[in-house]
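Q: Predicted model and sequence follow; I will ask about them next.
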Amino acid sequence: MADLRSRVPAALPASLVVAIALAGMGLVITQHWRKGAVLLGGALLVAALLRMVVPLDRVGLLAIRSRAVDVLCYSGFGVVMMVLALQITRGSLSAG
């Protein structure tokens with residue numbers, strides 16, 4: 001555990017999740033909203049995994065509540081977002 005603590009910079013976990021979320025938002029903005037929503041859900045699942053594995057002093061902004069609550073919320077919202085995005089087969093981002 002001490003070896004992992006020394007190798008992971010404190011800002012790396014949150015930065016990784018933000019990078020994935022920005023890629024997802026880029027897809028949503030370019031009207032590939034299903035792929036973008038799946039990627040945003042994936043970012044939440046990555047956040048849950050990182051919150052579960054990375055020590056508290058290195059997890060940074062991903063730590064909001066207790067570890068169990070964070071993992072449950074991140075993974076729950078991530079799965080719901082991915083399932084909803086995959087279930088919607090028609091529709092577009094524009095109103096017209």
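A: Good, I have the coordinates. Numbering: from 1, shown residues only.

Q: what ranges do the helices span in this protein?
A: 2-7, 12-29, 33-53, 67-87 (DSSP state H).

Q: Now do the third one against helix 67-87: the angle between them, please.
A: Same thing as helix 33-53. Computed by axes from the mean of the first three to the mean of the last three C-alpha atoms, to 10 degrees, the angle separating helix 33-53 from helix 67-87 equals 160 degrees.

Q: What of the second one?
A: In this structure, helix 12-29 runs at an angle of 20 degrees to helix 67-87, with the same axes, to 10 degrees as the basis.

Q: what does stretch 13-20 rub up against?
A: With contact meaning C-beta atoms under 8 Å, 6 or more residues apart in numbering, stretch 13-20 is reached by 39, 42-44, 46-47, 50-51, 54, 58-62. No exception for glycine: its C-beta is placed from N, CA and C like everyone else's.

Q: and L45, how many neighbours does it have?
A: Burial measure for L45: 18 neighbouring residues, criterion other C-beta atoms under 10 Å.

Q: now do M25
A: For M25, the neighbour count with other C-beta under 10 Å is 15.

Q: from what I can see it touches G36, true?
A: Yes: between M25 and G36 there is a contact at 6.5 Å, judged by C-beta atoms under 8 Å.

Q: Can you flag the buried ones in the contacts of stretch 13-20?
A: 39, 42-44, 46-47, 50-51, 54, 58-60, 62 (16 or more other C-beta atoms under 10 Å).

Q: Between which two of the contacts of stretch 13-20 is the distance greatest?
A: The most widely separated members of those, counting by C-beta to C-beta, are L39 and R58 (24.4 Å).

Q: Any stretches of this structure with poor pLDDT?
A: In the predicted model, the chain carries pLDDT under 70 at residues 1-8, 90-96.

Q: if we go to 50?
A: By pLDDT under 50, the low-scoring segments of the chain are 93-96.

Q: What's the end-to-end length of stretch 58-77?
A: For stretch 58-77, the first and last residues are 23 Å from each other (C-alpha to C-alpha, to the nearest Å).

Q: now do stretch 61-69
A: Across stretch 61-69, the terminal residues are separated by 14 Å (C-alpha to C-alpha).

Q: And for the nearest residue to L86 once chain neighbours are set aside, the neighbour number?
A: Spatial nearest neighbour of L86, excluding adjacent residues (C-beta to C-beta, 6 or more residues apart in numbering): V38 at 6.7 Å. By the measure other C-beta under 10 Å, the count of residues near V38 is 20.
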